[in-house]
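Trainee: Compute the structure for the input listed below.
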Amino acid sequence: MLNSLILKPLIYTHHAFRETFRIPRTLITVVIIVCGIAMPLVILKGITDGLVKQQEEDFQKSPSATTIQVAASTTSGPITRTLEQTLLAHPAISSVIPDTTKIVDLSANHGMQNVTGVTVRCTATHDPLLKFYDAQIDLGQEPSIVLNRSLAEELQIPFEERPDQRLDVRGTPRVELVIHRNTDQGIVSETLSVIVSAITDFGTNAPICYLHRDVVAHLEDYQEGRSVDLYGWAGLTKSAPVSFESYLAFSKQPFSTADLLKLHAHGLNAELLESSTSSGEQLRSLYGLLQPHDLFVYRLYADGANLQEDSLPLLTMSTKSVESLTDVDDIIVPWSEPISTKIDGADQVIVGISLHRRWLKSLFLDESSPFRSAAEPFEIHLPTGRTSGLECLLQHGDGEPVPLTVTSSILKPVITSHQSSTPALFAPWKFAAQQTLQQFLPNKSSQKKVIAAKPIASAPLSLNPVAVVPASLLAHLKALDRGEVQFDVAVGRFVPIRSEAEYYQARVVAENIELVPEADAFLSQLGFATVSQRTRVEELLSYAQTLELLVFVVGGTVLFFGFWTLTAALAENTDRKKRSIGVLRVMGIGPLGVAYIVILRGLFIGLVAGAMTIPLAYIAAHLLTEHVAACQVSLLHLQQVFGLAVGACFLGALIPAVLASFISPAEILRESGSI
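Mentor: Model prediction:
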């Protein structure tokens, strides 16, 4: 039984294969019919694809084909690096190129040829504009530049014109790019050597050149006063502005109500520090470096600020401006909370103290402890045991190390064993009482002398003595933690971190021309004003869709009538073999076996027809492309043709197979006269 199930299909297949090639005339007829169905379809598809591709290629030769000109608006806001990442995340957008310019001077041949007022524009590696002119742009220590033809001629850069009107640079000529910067001392300049990688004709005689966008960003950094380490350009020596968390006001007299109102009118609140609390005494004594005695010490902070929060609103008023707001003789000390950092690799707590008036110095344990208000380059007063005149390095976080000069050693911070018995809360009333009693006490003692008295007995405040730095240095370190500044090693100053680059015009490049409408629509949704070839691309896509519809209609018609022609031919061929089919039935082959043989014969014919159609279609497409019109036949098209030939023969054999399976052996024998 098992052998019968295996042998029968093999016998039927062998019989079908033999019947396929037994009469070549019949086979050739059916193959011609199949080729007549498949060939027009593949040629029509190839011609339409060729026309579309040719138009796309002609369109893509224009650098504006995939480029969208973008202008920022009040809705979209300026374009930043963050927004760039958002745009590049869209699948239809491949690159964003800022449309910013700089004005530089160029010189060549050791300064023999000079051109001033040259406009530098941004480009990138995959800029369609450079691709159109067959130009390349590189980065590095010596970047490359693309010059306009008129500019190259003025600089006498050697080049030659190719037959396709493209320009080739001879050799590797270099030009010197000169960038200028305005300073308080006048205009200063730096020079950058660049390699001329290409010369193009932009259709204008204006002095225009293209540099990579990162090089243009370095030019902008230099003009804004920042150092450019890549090219060895030093920045300006102007430091970043400083801001403080609060001010400490030291006064021999309490603030009056008028003083408090003036401070409040300028956005400052005053908190009287009490010596009865540890935190209050710590600030009053500047972490044990000062003996405030009966001084009134106020902490001035921004109006509305919460002192319990870690970060307070920053203050930028000068100390003299704050002192002018009060009528009392007070000294304002800019204050930032001390921080722990590393000095020569060792942990150290630093306090920032700067004074511009002298009378408060007499109350310090070491009068050299505080710094002047402007103390740059930065210095440091270290605890006892460090030698003056040496340099040390301050390393804070991941920033650059800050070199400091050790100017003197200071005493260990102490607190006096003698403290005023009067709480700070009642000090104003005590002062008023003293003023009244002084009218009746002619031999009153000098308050200034009492305040300036040095303590005799003292006790350590902490096991780790603090170091003193200028208040501006501590403020810069705080700004460094906030990510607002960085230490510029080239100039030895803290400078503002380059804010995120903003520009208002750009060239957005789509992945391909089909995605230009999608990219344009996305940019319009973000509020940008756009100029692109969107309308032309949509027309081209509509044209391609129209041709696809034409292929579908014509191909469907050919396939429909060709299918019935093929079915009729196979049915006629099967009808001529009725006698053979009757013999097979007499020999014991059932209806399913007969249908199997007929269908298999149709598949064999389809394989032959498909194998013949592929080379014929390829030859026809080549001849049409060479002499008539572009016919783009791809491997996918040939595979589809082969599948169409086999499928058509398979479907065309189904009806003859069904009819053959119903043929009666007796009827065939009766018609042939055997009965």
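Trainee: Only C-alpha atoms from now on, for both contacts and neighbour counts.
Mentor: Will do.
Trainee: Quick check: buried residues in the strand ranked longest in the chain?
Mentor: Longest strand in the chain by number of residues (criterion: DSSP state E): strand 186-200. Neighbour counts over strand 186-200 (16 or more other C-alpha atoms under 10 Å) mark 190-200 as buried.
Trainee: Could you do stretch 465-475 as well?
Mentor: Judged by neighbour count (16+ other C-alpha under 10 Å), stretch 465-475 contains these buried residues: 465-475.
Trainee: And stretch 607-626, by the same measure?
Mentor: 607-614, 617-618, 620-622, 624-625.
Trainee: Equivalent analysis for stretch 550-557, please.
Mentor: Result for stretch 550-557 [16+ other C-alpha under 10 Å]: buried residues 551, 555.
Trainee: and if you look at stretch 34-46?
Mentor: 34-35, 37-46.
Trainee: Tabulate these (CSV), appending distance to V118, pLDDT and secondary structure.
Mentor: Shown next, in CSV, are the buried residues of stretch 34-46 (distance: C-alpha to C-alpha, whole Å; pLDDT from 0 to 100; DSSP: H, G, I helix; E, B strand; the rest coil):
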residue, distance to V118, pLDDT, secondary structure
V34, 68, 78, helix
C35, 65, 79, helix
I37, 65, 77, helix
A38, 62, 77, helix
M39, 60, 78, helix
P40, 59, 79, helix
L41, 58, 79, helix
V42, 56, 80, helix
I43, 54, 80, helix
L44, 54, 80, helix
K45, 52, 80, helix
G46, 50, 80, helix
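Trainee: Quick check: the farthest pair among the residues you listed?
Mentor: Taking C-alpha to C-alpha, the two most distant members of these are V34 and G46; they sit 18.4 Å apart.
Trainee: coming back round to it: now the buried residues of stretch 465-475 in a markdown table, with pLDDT?
Mentor: Output for these, formatted as a markdown table (pLDDT from 0 to 100):
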| residue | pLDDT |
| --- | --- |
| P465 | 79 |
| V466 | 86 |
| A467 | 88 |
| V468 | 90 |
| V469 | 90 |
| P470 | 91 |
| A471 | 90 |
| S472 | 90 |
| L473 | 90 |
| L474 | 91 |
| A475 | 91 |
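Trainee: want to throw those residues into TSV with secondary structure and distance to L644?
Mentor: Formatted as TSV, those follow (DSSP: H, G, I helix; E, B strand; the rest coil; distance: C-alpha to C-alpha, whole Å):
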residue	secondary structure	distance to L644
P465	coil	91
V466	coil	89
A467	strand	89
V468	strand	89
V469	strand	87
P470	coil	87
A471	helix	85
S472	helix	83
L473	helix	81
L474	helix	81
A475	helix	79
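Trainee: tell me the contacts of N182?
Mentor: By C-alpha atoms under 8 Å, 6 or more residues apart in numbering, the contact set of N182 is 188, 223.
Trainee: One more pass at 7 Å, please.
Mentor: Neighbour list for N182: V188 [criterion: C-alpha atoms under 7 Å, 6 or more residues apart in numbering].
Trainee: And it, its phi and psi?
Mentor: phi -90, psi 130 (degrees, to the nearest 10).
Trainee: Of all the residues in the helix or strand containing S150, which ones are buried?
Mentor: In this assignment (DSSP states H and E), S150 forms part of helix 149-155. Buried residues in helix 149-155, counted by 16+ other C-alpha under 10 Å: 149-152, 155.
Trainee: Touching that helix from outside, list them.
Mentor: Residues contacting helix 149-155 (C-alpha under 7 Å, 6+ apart): 107-108, 113-114, 199-201, 205, 207.
Trainee: ok, now stretch 307-323?
Mentor: 242-246, 302, 305, 330-334.
Trainee: same thing with stretch 485-505?
Mentor: Identification of contacts with stretch 485-505 by C-alpha under 7 Å, 6+ apart yields 70-72, 78-81, 98-99, 227, 234-235, 237, 239-240, 399-400, 476, 479-480, 484.
Trainee: and the residues you listed, which of them are in helices?
Mentor: 81, 476, 479-480 (DSSP state H).
Trainee: before we move on, the earlier item: any chance of the buried residues of strand 186-200 in TSV, plus distance to F560 and pLDDT?
Mentor: Putting these into TSV (distance: C-alpha to C-alpha, whole Å; pLDDT from 0 to 100) gives the following:
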residue	distance to F560	pLDDT
E190	77	91
T191	75	92
L192	72	92
S193	71	91
V194	67	92
I195	65	90
V196	63	90
S197	59	87
A198	58	85
I199	58	85
T200	56	84
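Trainee: State the phi and psi torsions of the closest residue to A630 other than its chain neighbours.
Mentor: Closest residue in space to A630, ignoring its immediate chain neighbours: G50 at 5.0 Å, by C-alpha to C-alpha, 6 or more residues apart in numbering. Here is the backbone geometry of G50 (degrees, to the nearest 10): phi -70, psi -40.
Trainee: For E626, see how far away G50 is.
Mentor: In this view, G50 and E626 are 12 Å apart by C-alpha to C-alpha, to the nearest Å.
Trainee: need the strands for the stretch 51-200 of the chain, in chain order.
Mentor: 67-71, 93-98, 101-108, 113-123, 144-148, 159-161, 167-169, 174-183, 186-200 (DSSP state E, counting those that start in this stretch).
Trainee: Please read the previous query as pertaining to the stretch 501-650 of the chain.
Mentor: All strands of the stretch 501-650 of the chain, identified by DSSP E, counting those that start in this stretch, fall at 505-510, 529-531.
Trainee: out of the ones you listed, which comes closest to E572?
Mentor: Of those, nearest to E572 by C-alpha to C-alpha is strand 505-510, at 57.5 Å.
Trainee: List the buried residues in the closest one.
Mentor: 505-510.
Trainee: Geometrically speaking, which residue is the centre of the protein?
Mentor: Closest to where the C-alpha atoms of the chain average out (C-alpha atoms, centre = their mean) is Q85, at 4.1 Å.
Trainee: got the contact list for the residue nearest to L51 when sequence neighbours are not counted?
Mentor: Leaving aside its sequence neighbours, L51 sits nearest to A630 (C-alpha to C-alpha, 6+ apart; 6.4 Å). Residues near A630 by C-alpha under 7 Å, 6+ apart: 47, 50-51, 624.
Trainee: Most neighbours among those residues, which one?
Mentor: The most crowded member of the contacts of A630, judged by other C-alpha atoms under 10 Å, is I47 (21 neighbours).
Trainee: so what's that residue up against?
Mentor: Listed by C-alpha under 7 Å, 6+ apart, the contact set of I47 reads 630-632.
Trainee: Could I get the residues you listed in a markdown table, plus columns for distance to A568 and pLDDT?
Mentor: As requested, those are exported to a markdown table (distance: C-alpha to C-alpha, whole Å; pLDDT from 0 to 100):
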| residue | distance to A568 | pLDDT |
| --- | --- | --- |
| A630 | 35 | 76 |
| C631 | 32 | 78 |
| Q632 | 33 | 76 |
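Trainee: Adding distance to K577, write the residues you listed out as a markdown table.
Mentor: Output for the contacts of I47, formatted as a markdown table (distance: C-alpha to C-alpha, whole Å):
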| residue | distance to K577 |
| --- | --- |
| A630 | 45 |
| C631 | 42 |
| Q632 | 42 |
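Trainee: Where is the longest helix in this protein?
Mentor: helix 534-576.
Trainee: Check which helices and strands that one sits against.
Mentor: Judged by 3 or more C-alpha pairs under 7 Å, 6 or more residues apart in numbering; DSSP states H and E, helix 534-576 is in contact with helix 24-60, helix 635-661.
Trainee: Among these, which comes closest to S532?
Mentor: Short answer: helix 24-60, nearest of the helices and strands packed on helix 534-576 by C-alpha to C-alpha, at 12.9 Å.
Trainee: could you give the angle of that closest one to helix 534-576?
Mentor: Angle of helix 24-60 versus helix 534-576, following axes from the mean of the first three to the mean of the last three C-alpha atoms, to 10 degrees, is 180 degrees.
Trainee: Could you give the separation of helix 24-60 from the chain centroid?
Mentor: The chain centre lies 46 Å from the centre of helix 24-60; the measure is C-alpha atoms, centre = their mean, to the nearest Å.
Trainee: follow-up on the earlier one: out of the contacts of stretch 485-505, which are buried?
Mentor: Buried among these (16+ other C-alpha under 10 Å): 70-72, 78-80, 98-99, 227, 234-235, 237, 239-240, 476, 479-480, 484.
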